[in-house]
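**Student:** Let's see this in three dimensions:
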Amino acid sequence: MSGKGKKHICKICKRPYFDLGKKVHSCPKCKTSGKGKASSAKLSKNKRLEKPKDLSTEIELFEVVDPSSGQGLSIGAGNIRINFSAIRPGWYAVIANEIKNNEITNNKAVIYLNEPPLVGIEKHLSSITFKGVGAVTAKSLVQEHKENTLNPLQHSTQLIEAELGVKKEVAQSLHTGWAVFPEKNIFMIILHELGLMQMQIKEIENTLGADIIASLIKIHFLW
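**Tutor:** Okay, the predicted model is just below:
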């Protein structure tokens, strides 16, 4: 042990290392000094790779039937007021934290989909998040229940079984899968609807989160 010197814990990567008896020493993994200082290049790299702490993936879906009412019906939040102009009938996706007191005032946080994202729903339900469901069952559910497939998933296994007419095992898988990351479900559905690959979805999740809606509006999908 004397040849290895004293043991230290790296303040950056948290791994143990030995100083080999040297007064000036550094972690062999990330080259940080014993005082916890790192080169500016290494710090910059770590900062780029670090996921923002407040990055949200929460997106809400809502439908407007009668634009003159100024009302929409959302999947998770129920009735919401829409306090901006240029409302059309159809389906929308909105950055969830822009819904305040059940009201949306920022049209730059809302994207118009027109139709419900049925392809996205099918792809999400057939993903590995919902073990035991599979592509055939997911397609059958969406063909039969369309966007109404989503409503029961937020409730009990028994309600899912009754409302969607599936076996208990499938109902349990749907319930469990939806509850794993409830704040990510609509996010995943929207990105699947856009035809993005899993690797692309993961990159957007780690860099933009729900703000992908605002980015899409700037690029193409404005009113």
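**Student:** Lowest average confidence across helices and strands of this structure, where is it?
**Tutor:** helix 40-49 (a mean of 46; mean pLDDT, DSSP states H and E).
**Student:** neighbours of residue 128, just the number please.
**Tutor:** Residues lying near residue 128 (other Cβ atoms under 10 Å) number 8. Every residue, glycine included, has its C-beta placed from N, CA and C.
**Student:** Residue 179 versus that one, what's the distance?
**Tutor:** Residue 128 sits 15 Å away from residue 179, going by Cβ to Cβ, to the nearest Å.
**Student:** Next, count neighbours for residue 22.
**Tutor:** Neighbour count for residue 22, taken as other Cβ under 10 Å: 11.
**Student:** What of residue 213?
**Tutor:** The local packing of residue 213 (other Cβ under 10 Å) involves 23 other residues.
**Student:** List phi and psi for it.
**Tutor:** Backbone geometry at residue 213, expressed as degrees, to the nearest 10, gives phi -60, psi -50.
**Student:** I'd guessed it sits against residue 110; true?
**Tutor:** Yes - assessed by Cβ atoms under 8 Å, residue 213 is found in contact with residue 110 at 7.3 Å.
**Student:** so what sits against both of the two?
**Tutor:** The overlap between the contact sets of residue 213 and residue 110 (Cβ atoms under 8 Å, 6 or more residues apart in numbering) consists of 93, 94, 95.
**Student:** Now render the residues you listed as CSV, adding secondary structure, pLDDT and neighbour count.
**Tutor:** As requested, those are exported to CSV (DSSP: H, G, I helix; E, B strand; the rest coil; pLDDT from 0 to 100; neighbours: other Cβ atoms under 10 Å):
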residue, secondary structure, pLDDT, neighbour count
93, strand, 95, 26
94, strand, 95, 26
95, strand, 94, 22
